[in-house]
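[1] need a 3D model of the following:
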Amino acid sequence: MTEPAPQAPDQRRWFRKKRFRVPIYGVAFIVLLLAALIYGIFVTVISRAKARDFPRDEWLQIYREDVEALRFSDTQLSDAVAGLQELAADAPDDITQPLSPEKKDLARAYWAQIYELARDIHARADLHRDFVVWVEKERRGDHIRGFLLCEVADMMVHDAALQIAESLAGNDRFERILNEPQEEFALPEGTFTDLKNQILNPERTARQYAARKYRRVLGKFDEYDDVISEPEGAWLQVRVVALEDDVVDRLQARGVDLAIDQTKDYSSGLAFQAWFPVQHNVADTMGNIRLKRGETALISNDQIQQFHDKLQSGDIGVTRRNWYLSNAGIPGFWPHAILYIGHPADLAEFADDPDVIAWCEEHNAADFATLLETRHPGAWKAYTTASDQGENAVLEAIAEGVVFRPLEDAFHADAVGVVRPRLSKLDVARAIDRAFSHYGKPYDYNFDFVTDETLVCSELVFKSYQPTEEFSGVNFPLSETLGRPLLPPNDLVKKFDLEWGDPKQQLDFVGFLDPRESAGAATWGTMEDFRHSWMRPKREAVR
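    Prediction:
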């Protein structure tokens, strides 16, 4: 149960009982401070605005064009906000049910459109802000026009921001998606958090309250009636009244809740970071510290070569290095996951399939190698550079980020298990193509499966094979940890075990090297051994 908020009447009684006595010099100081603040704001506004630099006839034309542009932007902004709200409303409440890549891309596109519209609206208003400052009587009508235009522009953005914040309050997944940097749209990181901080800023609310009161003062002048009798002024008048009512209603209804939600989101983020030991400031160190035994792995080079002969491009591997300190921070026996790509010759042989070739030709590529090189030149160069040295590459997310590494390095471990998705070669090729798109991204020390800018090891596998409308993929179940959806690598093996023998089974067994710490070596394990390995205690290293 949520504890009820303090009642407003009690607060009002508290304020009625208080008595304040301020010395006369204190009053003078406050007045001077406010005067200096107001003067500073006015100087800043005038220095940024340029409207009064134009001849009046030219400015009037600009004013009419800007009002028309605001009307158009108002419709676009409403549509984009409604689209984002609809996406959020349709998202499953269960955070372990992932959003599809299409929906995440659509959410980002809506947010980029809203952000761009807000910037354009503010830019148009900024031109006219020098008319917000009182000017000579002869141009009182222009003062009213400029004031109304700026007020409508500010309220349009504020109302849209309140709607979004209200709709997404507590929806951690969408907030993290919108906070991601978007190079395609030139959006920096944290834009949604900035928005929440701005709309919940008391200074903004106070300024809008003052503007509302000032508009009522302007309404007493004859020039005000003249302005709102014009087509542009009439629209501004109707819109500013409607927006003021909307904003006041939203702030009264949800303002406190939004502030509480914002604090709650921040607190839960701190709780997650405090619980999960593998954070950026310690992960690099922990990932390279063993509690026992030196750098010798239980799996031999000969066993790695034998395993290579079993592998196929697109296979999914899990690995374990016994006694590594970082294992303590990752749930389950298996702490790491990889995606096997293989040598370019192996990849070309795998992709020599009629459906894969037809798909590549649809994208103006003669074969799969050409498609990958065209769509992901940086990743392809890194992959082929490693392969030129005779290495069979895997793609994995490690401390250095999402990188290609030799199979020999990835399997230099104490335990390895590999499964193969039951998919057509075309669907596996699509998954590899998607995996290449993640090359070079930083490691996700926050273990955030919602965002795509940084990735953890199992997240790379999850997002490479995540189903879409045209791609059947693999349905990897996410589990919730402190309010955050995760796919621990151990759950990859759990899925294989629980689905075994089911007609809808999605993964097949490829091989398993079982750690035998007492013997100082790994041995080939059976499929049954591998199926049940996910249930082993995470600290168990020998049998």
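[2] okay, now the unreliable bits of the chain?
    1-52, 131-136, 184-185, 199-207, 252-295, 323-330, 387-391, 445-448, 480-484, 538-543 (pLDDT under 70).
[3] please enumerate the strands of it.
    With DSSP state E as the criterion, the chain has strands at 316-320, 336-342, 393-398, 401-406, 415-421, 479-481, 484-486, 507-516, 521-524.
[4] JSON lines please, covering the ones you listed and showing mean neighbour count and distance to residue 531.
    (Each C-beta comes from the backbone N, C-alpha and C, glycine too.) JSON lines is the format used below for the strands of the chain (neighbours: other CB atoms under 10 Å; distance: least, CB to CB, whole Å):
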{"stretch": "strand 316-320", "mean neighbour count": "26", "distance to residue 531": "13"}
{"stretch": "strand 336-342", "mean neighbour count": "25", "distance to residue 531": "17"}
{"stretch": "strand 393-398", "mean neighbour count": "24", "distance to residue 531": "23"}
{"stretch": "strand 401-406", "mean neighbour count": "19", "distance to residue 531": "27"}
{"stretch": "strand 415-421", "mean neighbour count": "24", "distance to residue 531": "10"}
{"stretch": "strand 479-481", "mean neighbour count": "14", "distance to residue 531": "19"}
{"stretch": "strand 484-486", "mean neighbour count": "22", "distance to residue 531": "22"}
{"stretch": "strand 507-516", "mean neighbour count": "21", "distance to residue 531": "8"}
{"stretch": "strand 521-524", "mean neighbour count": "16", "distance to residue 531": "15"}
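[5] out of the ones you listed, which comes closest to residue 151?
    Nearest of the strands of the chain to residue 151, taken as CB to CB: strand 484-486 at 40.9 Å.
[6] for the stretch 151-300 of the chain, which segments are assigned as helices?
    172-179, 191-199, 202-218, 222-228, 231-275, 280-286 (DSSP state H, counting those that start in this stretch).
[7] what's the answer for the stretch 401-543 of the chain, then?
    Under DSSP H, counting those that start in this stretch, the stretch 401-543 of the chain gives helices at 407-410, 425-437, 457-464, 489-499, 527-533.
[8] just want the angle from the longest one to strand 393-398.
    Taking axes from the mean of the first three to the mean of the last three CA atoms, to 10 degrees, one finds that helix 425-437 is oriented at 50 degrees with respect to strand 393-398.
[9] now the fourth one
    Comparing the axes of helix 489-499 and strand 393-398 via the same axes, to 10 degrees yields an angle of 120 degrees.
[10] which helices and strands does helix 489-499 pack with?
    strand 316-320, strand 336-342, strand 415-421, helix 457-464, strand 507-516, helix 527-533 (3 or more CB pairs under 8 Å, 6 or more residues apart in numbering; DSSP states H and E).
[11] and that helix, what's buried?
    By 16 or more other CB atoms under 10 Å, the buried positions in helix 489-499 come out as 489-497.
[12] cool, and the first one?
    By neighbour count, and taking 16+ other CB under 10 Å as the criterion, the buried residues in helix 407-410 are 407, 410.
[13] work out the gap between that helix and the centre of the chain.
    On the basis of CA atoms, centre = their mean, to the nearest Å, helix 407-410 sits 32 Å off its chain's mean C-alpha point.
[14] helices or strands up against it?
    helix 301-308, strand 393-398.
[15] likewise the third one?
    Contact partners of helix 457-464 among helices and strands, from 3+ CB pairs under 8 Å, 6+ apart: strand 336-342, strand 393-398, helix 425-437, helix 489-499.
[16] can you rerun that using 6 Å?
    strand 336-342, strand 393-398, helix 425-437 (3 or more CB pairs under 6 Å, 6 or more residues apart in numbering; DSSP states H and E).
[17] what's the angle from it to strand 401-406?
    Relative orientation of helix 457-464 versus strand 401-406 (the same axes, to 10 degrees): 90 degrees.
[18] now do helix 457-464 against strand 415-421, angle only.
    Going by the same axes, to 10 degrees, helix 457-464 makes 10 degrees with strand 415-421.
[19] got it, and the longest one?
    Orientation note: helix 425-437 sits at an angle of 130 degrees relative to strand 415-421 (the same axes, to 10 degrees).
[20] other residues contacting helix 425-437?
    Residues outside helix 425-437 that contact it (CB atoms under 6 Å, 6 or more residues apart in numbering) are 314, 339, 351, 353, 355-356, 359, 368, 372, 376, 379, 395, 464-465, 471-472.
[21] redo that, cut-off 8 Å
    Helix 425-437 is contacted by residues 313-314, 339, 341, 347, 350-351, 353, 355-356, 359, 368, 371-372, 375-376, 379-380, 383, 395, 421, 423, 460, 463-465, 471-473 when judged by CB atoms under 8 Å, 6 or more residues apart in numbering.
[22] rewinding a little: in TSV, list the buried residues of helix 489-499 along with distance to residue 363.
    Shown next, in TSV, are the buried residues of helix 489-499 (distance: CB to CB, whole Å):
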residue	distance to residue 363
489	32
490	36
491	33
492	30
493	34
494	36
495	31
496	32
497	37
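[23] what's the closest of these to residue 210?
    Minimum distance to residue 210 across the buried residues of helix 489-499 is 55.2 Å, recorded for residue 491 (CB to CB).
[24] of the buried residues of helix 489-499, closest to residue 521?
    Nearest to residue 521 out of the buried residues of helix 489-499 is residue 493 (CB to CB; 21.5 Å).
[25] would you confirm that that closest one contacts residue 418?
    No: applying CB atoms under 8 Å, one finds residue 493 not in contact with residue 418, separated by 10.5 Å.
[26] what do these two both touch?
    In contact with both residue 493 and residue 418: residue 318, using CB under 8 Å, 6+ apart.
[27] partners of the residue nearest to residue 303 when sequence neighbours are not counted in the sheet?
    Nearest non-adjacent residue to residue 303, counting by CB to CB, 6 or more residues apart in numbering: residue 513, 5.9 Å away. As for beta bridges, residue 513 partners with residue 416, residue 524 under DSSP bridges.
[28] need the contact list for residue 513.
    Residue 513 is in contact with 298-299, 303, 307, 415-417, 522-525, counting by CB under 8 Å, 6+ apart.
[29] dump the helices and strands packed on helix 457-464 to a markdown table, plus distance to residue 505.
    Shown next, in a markdown table, are these (distance: least, CB to CB, whole Å):
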| stretch | distance to residue 505 |
| --- | --- |
| strand 336-342 | 19 |
| strand 393-398 | 24 |
| helix 425-437 | 16 |
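[30] re the thing from before, now the strands of the chain in JSON lines, with distance to residue 83?
    Shown next, in JSON lines, are the strands of the chain (distance: least, CB to CB, whole Å):
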{"stretch": "strand 316-320", "distance to residue 83": "35"}
{"stretch": "strand 336-342", "distance to residue 83": "34"}
{"stretch": "strand 393-398", "distance to residue 83": "32"}
{"stretch": "strand 401-406", "distance to residue 83": "31"}
{"stretch": "strand 415-421", "distance to residue 83": "33"}
{"stretch": "strand 479-481", "distance to residue 83": "28"}
{"stretch": "strand 484-486", "distance to residue 83": "23"}
{"stretch": "strand 507-516", "distance to residue 83": "36"}
{"stretch": "strand 521-524", "distance to residue 83": "53"}
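[31] pull out the buried positions in stretch 109-119.
    Quick answer for stretch 109-119 (16+ other CB under 10 Å): 109-118.
[32] return the subset of those lying in helices.
    Secondary structure from DSSP state H places 109-118 of those in helices.
[33] which members of the residues you listed are the farthest-apart pair?
    The largest separation in these, counting by CB to CB, is between 109 and 118 at 15.0 Å.
[34] phi, psi of residue 170?
    Per-residue torsions, residue 170: phi 80, psi -10 (degrees, to the nearest 10).
[35] any idea how far it is from residue 93?
    Going from residue 170 to residue 93 by CB to CB, to the nearest Å gives 11 Å.
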